[in-house]
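Student: One predicted model, sequence on top.
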Amino acid sequence: SQQGEEDPQALSIQEGENATMNCSYKTSINNLQWYRQNSGRGLVHLILIRSNEREKHSGRLRVTLDTSKKSSSLLITASRAADTASYFCATGYRGQAGTALIFGKGTTLSVSS
Amino acid sequence: NAGVTQTPKFQVLKTGQSMTLQCAQDMNHNSMYWYRQDPGMGLRLIYYSASEGTTDKGEVPNGYNVSRLNKREFSLRLESAAPSQTSVYFCASSEDRSGSYEQYFGPGTRLTVT
């Protein structure tokens, strides 16, 4: 089963507003990553936060990690129409051949002007 | 750099037909991955390869086989396609196998099985 679960499934906001997406996961992690997918395209990496970090910033993105609650949040400040996309969290999956990423089902963000 | 390339972009198969999805990366990455994406299901890992010569199953490997031909190329084969394999398939690569590095994705292959 999938490791991460995003919440909400869908989010609609106006340009200029902040968007917050949450991710919960099941097992202990070394790091957690967030990705964006524009409609019909491949995923693009946004940010990686390690298990010993609590908060990380990248431009208008702010990610928090609470390992005690097994949860992470992605905040996009001052949203723009171009932020319209699906956002996925991903955590590590350790198999015999090394570690792969397991993705959640995603949050679909719509930003209207 | 082209990054991660996938061929074909679109494919329609009849039930029972076979085909191979091709993936190549030019970033000298060690690890490569195959995912499928279905509406409402997010991405699910099919197979991955941490290095040339090694592969391992992911969440949904049934009905698929893979070949890590060399460091650059990782192919996914459907031996006998079924309608349940209708999906968008993404290939990805990353620098190492620890999971600590970002993955780079290809543009996807849209497969329909009738």
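Tutor: That came in fine, so what should we check first?

Student: Out of the helices and strands in chain A, which is least certain?
Tutor: When each helix and strand of chain A is scored by mean pLDDT, DSSP states H and E, strand A:98-103 comes last, with a mean of 80.

Student: what helices or strands is it leaning on?
Tutor: strand A:85-95, strand B:31-38, strand B:42-51, strand B:54-57 (3 or more Cβ pairs under 8 Å, 6 or more residues apart in numbering or on different chains; DSSP states H and E). C-beta coordinates here come from the backbone N, C-alpha and C atoms, glycine included.

Student: what's in contact with it?
Tutor: For strand A:98-103, the surrounding residues in contact (Cβ atoms under 8 Å, 6 or more residues apart in numbering or on different chains) are A:2-4, A:33, A:35, A:88-93, B:31, B:33, B:35, B:42-45, B:48, B:50-51, B:54, B:56, B:58-59, B:97-99, B:103.

Student: swap in stretch B:16-29?
Tutor: The list of residues contacting stretch B:16-29 from outside it, by Cβ under 8 Å, 6+ apart, reads B:1-8, B:11, B:13, B:32, B:34, B:71-81, B:89, B:91, B:93-95, B:104, B:106, B:109, B:111.

Student: from the residues you listed, which are also near chain A?
Tutor: B:4, B:104, B:106 (Cβ under 8 Å from any Cβ of the partner chain).

Student: sorry, back to before: will you turn the helices and strands packed on strand A:98-103 into TSV that also has mean pLDDT, distance to residue B:66 and mean neighbour count?
Tutor: Compiled in TSV, the helices and strands packed on strand A:98-103 are given as follows (pLDDT from 0 to 100; distance: least, Cβ to Cβ, whole Å; neighbours: other Cβ atoms under 10 Å in any protein chain shown):
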stretch	mean pLDDT	distance to residue B:66	mean neighbour count
strand A:85-95	86	13	23
strand B:31-38	94	6	25
strand B:42-51	90	4	23
strand B:54-57	91	5	18
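
Student: so which of the ones you listed gets nearest residue A:17?
Tutor: Ranking the helices and strands packed on strand A:98-103 by proximity to residue A:17 (Cβ to Cβ) places strand A:85-95 first, at 15.3 Å.
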